[in-house]
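Enquirer: attaching a predicted model along with its sequence, questions to come.
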Amino acid sequence: MKLSKRVLALAMSGLMSAALFAGCSDNSGSSDGGNAGAAGGDNASFSGTFKIGGIGPLTGDAASYGISTKQGAQVAVDEINAAGGVNGMKLELIFEDDECDEEKSVSAYNKLMDSGINALLGSVTSGCSIAVSEESKNDGILQITPSGSAMECTKYDNAFRICFTDPLQGELMAQYIKDQGLSKPAIIYDIASDYSKGIHDAFIAKAGEIGLTIAADESFTGGDVDFKTQLTKIKSTDADCIFMPMYYTEAAYISEQAVTVGVSLPYFGSDGWDGIIKQLNGNTANIEGATFLTPFVATSSNAQVKSFVSKYETAYGSTPDQFAADGYDGIYVMKAAIEYTGGDVSNEALIGAMTNISIDGLTGSMTFSASGEPNKSAMVAVIQNGEYVGK
């Protein structure tokens, strides 16, 4: 049954593409976040639904990432549909929970393919995104991971990402720490996490190039909750800061236990820190001044960001984080790709459009390389008085 549904979905996608491509009307430009020039002549309006599959953790320890991504993406879908859709089509987001588990992510992908999706937003985490890419390359469908930062996430021609890569994060933070006048960072990282290890390795390499001395290099395994041993070792060194490339859950544990051990050093982190304020129930006394790499800060005065934050807070009663912004931008990237093709929603056309579009997103103005990487600038956020503040 699964195979017959997938074949039917692909056949219907081909029929829809043919119908869209048969007549032509120029539809250039976009609203509320994206812009792209349409290719070809006049396209006839087509009334249909462009189905976007989404995959991420909606339950479990990493649920914050998936929920934020889903909700941010839905804000974009609602905006686009309210403005008339894309080339006569309405967008529909179908989001599946993978619990941050690779096997469940692949199962979620197969379920979405059976439902006839036209493009994939996901997976949210690196390991799951890599696992799914092994399937999506065979189906030839456009896959855009909003936040999968491991290099392998974009190793196939159909795969692109919105966020920064792990190595780039490590390099940028090493340079940033040096620019702050610090020279002896200690490191704590998750040795079992591709995300954490990828950033760690790039940080170490960059540190050697620019003259930083690694005062301590401590590791743990995902799921650990006791970090006193690592912190005690760091306390015995002459470290002048701690770099922690990890997710917010472990970062919160470490910041609390550092107080009991007597470690008081500046913290620097990766984009996985987004969510730590909520994890600490707003009590940020132990991480005041902590700095982490991020593409989005909800307190920005940018008009586009303010509009998104207002809509998100109205819809969901909470402040959006960078994962919400990544999800939002991912939808607008797909919109731009559809507009560029003039409404041709075949896999080949959508994937081919990716290197020809540009959008002014919440996470920055971006274009895409053939290797699937976004070209955009980075920024950092500092935790001040219970808020993330962009620098």
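Expert: It's in. Numbers count the residues shown, from 1 in each chain.
Enquirer: state the number of residues packed around Ala82.
Expert: 10 (other C-beta atoms under 10 Å). Using the backbone N, CA and C atoms, a C-beta is placed for each residue, glycine as well.
Enquirer: what do you get for the one 3 residues further on?
Expert: Burial measure for Gly85: 20 neighbouring residues, criterion other C-beta under 10 Å.
Enquirer: list the residues that contact it.
Expert: Leu91 (C-beta atoms under 8 Å, 6 or more residues apart in numbering).
Enquirer: any idea how far Gln304 is from it?
Expert: 20 Å (C-beta to C-beta, to the nearest Å).
Enquirer: identify the residue spatially nearest to Ala207, adjacent ones excluded.
Expert: Nearest non-adjacent residue to Ala207, counting by C-beta to C-beta, 6 or more residues apart in numbering: Ala174, 4.9 Å away.
Enquirer: surely that neighbour touches Ile210?
Expert: Yes. Counting by C-beta atoms under 8 Å, Ala174 touches Ile210, with 6.5 Å between them.
Enquirer: who's more crowded, the two?
Expert: Using other C-beta under 10 Å as the criterion, Ala174 and Ile210 rank with Ala174 on top: 24 against 13.
Enquirer: quick check: buried residues in the host helix or strand of the more buried one?
Expert: Assigned by DSSP states H and E, Ala174 falls within helix 166-179. Buried residues in helix 166-179, defined by neighbour count with 16 or more other C-beta atoms under 10 Å: 166-178.
Enquirer: can I get the residues you listed in JSON lines with distance to Val297 and pLDDT?
Expert: Compiled in JSON lines, the buried residues of helix 166-179 are given as follows (distance: C-beta to C-beta, whole Å; pLDDT from 0 to 100):
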{"residue": "Asp166", "distance to Val297": "21", "pLDDT": "90"}
{"residue": "Pro167", "distance to Val297": "23", "pLDDT": "92"}
{"residue": "Leu168", "distance to Val297": "19", "pLDDT": "90"}
{"residue": "Gln169", "distance to Val297": "16", "pLDDT": "93"}
{"residue": "Gly170", "distance to Val297": "21", "pLDDT": "96"}
{"residue": "Glu171", "distance to Val297": "21", "pLDDT": "95"}
{"residue": "Leu172", "distance to Val297": "16", "pLDDT": "93"}
{"residue": "Met173", "distance to Val297": "17", "pLDDT": "97"}
{"residue": "Ala174", "distance to Val297": "22", "pLDDT": "97"}
{"residue": "Gln175", "distance to Val297": "20", "pLDDT": "96"}
{"residue": "Tyr176", "distance to Val297": "16", "pLDDT": "96"}
{"residue": "Ile177", "distance to Val297": "20", "pLDDT": "98"}
{"residue": "Lys178", "distance to Val297": "23", "pLDDT": "98"}
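Enquirer: which of these sits closest to Gly272?
Expert: Using C-beta to C-beta, Gln169 is the member of the buried residues of helix 166-179 that sits closest to Gly272, with 9.2 Å.
Enquirer: let me see the contact set for Ser193.
Expert: 222, 246-247.
Enquirer: next, format those residues as CSV and append secondary structure and distance to Ser149.
Expert: Formatted as CSV, those follow (DSSP: H, G, I helix; E, B strand; the rest coil; distance: C-beta to C-beta, whole Å):
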residue, secondary structure, distance to Ser149
Gly222, coil, 16
Met246, coil, 13
Tyr247, coil, 12
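Enquirer: who wins for most neighbours among those residues?
Expert: Counting by other C-beta under 10 Å, top hit in these: Tyr247 with 28 neighbours.
Enquirer: what's the closest of the buried residues of helix 166-179 to Asp274?
Expert: Using C-beta to C-beta, Gln169 comes nearest to Asp274 of the buried residues of helix 166-179, at 12.4 Å.
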